[in-house]
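> One predicted model, sequence on top.
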Amino acid sequence: MINIKSSEEIRLMQIAADIASECMALLEKNIKVGVETKELDKIAYEFMLSKGAQPSFKGYHGYPGSICASVNEEVVHGIPSERKLKDGDIVGIDLGTYINGFHSDMARTFFVGDVSEDARKLVECAKSCFYEAVSVMYPDNRLGDIGYAVQNMAESNGFSVVRTLCGHGIGREMHESPEVLNFGHKGKGLRLKAGMVLAVEPMINIGKHEVIQLADGWTITTKDKTLSAHYENTVYISSEGPVILTEQR
């Protein structure tokens, strides 16, 4: 079942989204060579609580962190730890907030120090993939239009799209229907409707698209150990088109 949100529900979701985007901006300021990813987790947790929100991720199916911190070949779900960020790393930060009965969800991939040109192009492409997806998120378009937009942008730049992970609906639950694939065909799939809220999240690899899960039961890495980048926002489809709720205002 697809949950169509009312204007009041969107107002409440915007509150959660604003806290998430403020938290992400705070983390960006603290990402530097030598910082431990668990320090970033602590910063995020304390900030969310200070705003009256809870981290959507903490305790979700037993997940231990308030954020996901995925470094280099880690695609998503990297558990915060004593790992120190090094010059040349890229780190994907994924976070969600819960307040007033609603969730938000967003991700960014940041540079640590001086990164390679290939890493820079990959991260920029992941962002471009997201905005290509948003450009087709209008009522009466199809879910396949979103997947096609992401896939076409990634592959035309020589990158690959992770196929076993996807975006999702979001609202009172962090993961709601429908699944939002990052590959697909134009004009196929569920028809988009005003009132839908989707977490759209391209996960783009510099090498092949295959991924594996590590022994911790959470961390997903590229199978070939090449770099991966992640970019996500919570997007409301209004009658006039897409509104990015987690875009910093």
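Good, I have the coordinates. Remember, predicted model here, so these are calculated numbers, not experimental data.
> what comes up buried for stretch 190-205?
Residues of stretch 190-205 classed as buried: 192, 195, 196, 197, 198, 199, 200, 201, 202, 203, 204, 205 (neighbour count, 16 or more other Cβ atoms under 10 Å). No exception for glycine: its C-beta is placed from N, CA and C like everyone else's.
> With stretch 162-179 instead?
162, 165, 166, 167, 168, 169, 170, 171, 174, 176, 178, 179.
> And the contacts of the helix or strand hosting residue 233?
Using DSSP states H and E, residue 233 falls within strand 233-238. Contacts with strand 233-238, where a contact means Cβ atoms under 8 Å, 6 or more residues apart in numbering, come from 5, 10, 13, 17, 20, 104-106, 130, 134, 137-139, 170, 192-201, 242-247.
> hmm, back to that, turn the buried residues of stretch 190-205 into a markdown table, columns for distance to residue 149.
As requested, the buried residues of stretch 190-205 are arranged in a markdown table below (distance: Cβ to Cβ, whole Å):
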| residue | distance to residue 149 |
| --- | --- |
| 192 | 13 |
| 195 | 21 |
| 196 | 16 |
| 197 | 18 |
| 198 | 13 |
| 199 | 16 |
| 200 | 10 |
| 201 | 13 |
| 202 | 9 |
| 203 | 15 |
| 204 | 13 |
| 205 | 17 |
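> about what we covered before: quick one: mean pLDDT over the strand holding residue 233.
Taken as a whole, strand 233-238 has an average pLDDT of 98.
> Which strands border it, and is each parallel or antiparallel?
strand 197-200 (antiparallel), strand 241-244 (antiparallel) (DSSP bridges).
> Report the backbone C-alpha coordinates of that strand in PDB.
Extracted in PDB, the C-alpha atoms of strand 233-238 (Å, rounded to 0.1, in the frame of the first residue of the first chain):
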ATOM      1  CA  ASN A 233      17.200  13.000  -0.100                       C
ATOM      2  CA  THR A 234      13.600  12.700   1.100                       C
ATOM      3  CA  VAL A 235      11.500  14.000  -1.800                       C
ATOM      4  CA  TYR A 236       7.800  15.000  -1.700                       C
ATOM      5  CA  ILE A 237       5.900  14.800  -4.900                       C
ATOM      6  CA  SER A 238       3.500  17.800  -4.900                       C
END
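> what's the offset of it from the middle of its chain?
13 Å (Cα atoms, centre = their mean, to the nearest Å).
> Of all the residues in that strand, which ones are buried?
233, 234, 235, 236, 237, 238.
> which regions of this protein lie under the pLDDT threshold?
Applying pLDDT under 70 to the chain flags the ranges 249.
> could I get the buried residues of stretch 162-179 as a markdown table with distance to residue 48 and secondary structure?
Listed next are the buried residues of stretch 162-179 as a markdown table, based on distance: Cβ to Cβ, whole Å; DSSP: H, G, I helix; E, B strand; the rest coil:
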| residue | distance to residue 48 | secondary structure |
| --- | --- | --- |
| 162 | 27 | coil |
| 165 | 24 | coil |
| 166 | 25 | coil |
| 167 | 22 | strand |
| 168 | 21 | strand |
| 169 | 22 | strand |
| 170 | 17 | coil |
| 171 | 18 | coil |
| 174 | 14 | coil |
| 176 | 21 | strand |
| 178 | 27 | strand |
| 179 | 26 | strand |
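> Just give me the closest of these to residue 220.
Nearest to residue 220, judged by Cβ to Cβ, of those is residue 165 at 6.8 Å.
> which residues touch the closest one?
Contacts of residue 165 (Cβ under 8 Å, 6+ apart): 75, 76, 203, 211, 220.
> top of those residues by neighbour count?
In terms of neighbours by other Cβ atoms under 10 Å, those top out with residue 203 at 32 neighbours.
> any idea how far residue 137 is from that residue?
Distance of residue 203 to residue 137, computed by Cβ to Cβ, to the nearest Å: 18 Å.
> again with residue 112
From residue 112 across to residue 137, the span is 31 Å (Cβ to Cβ).
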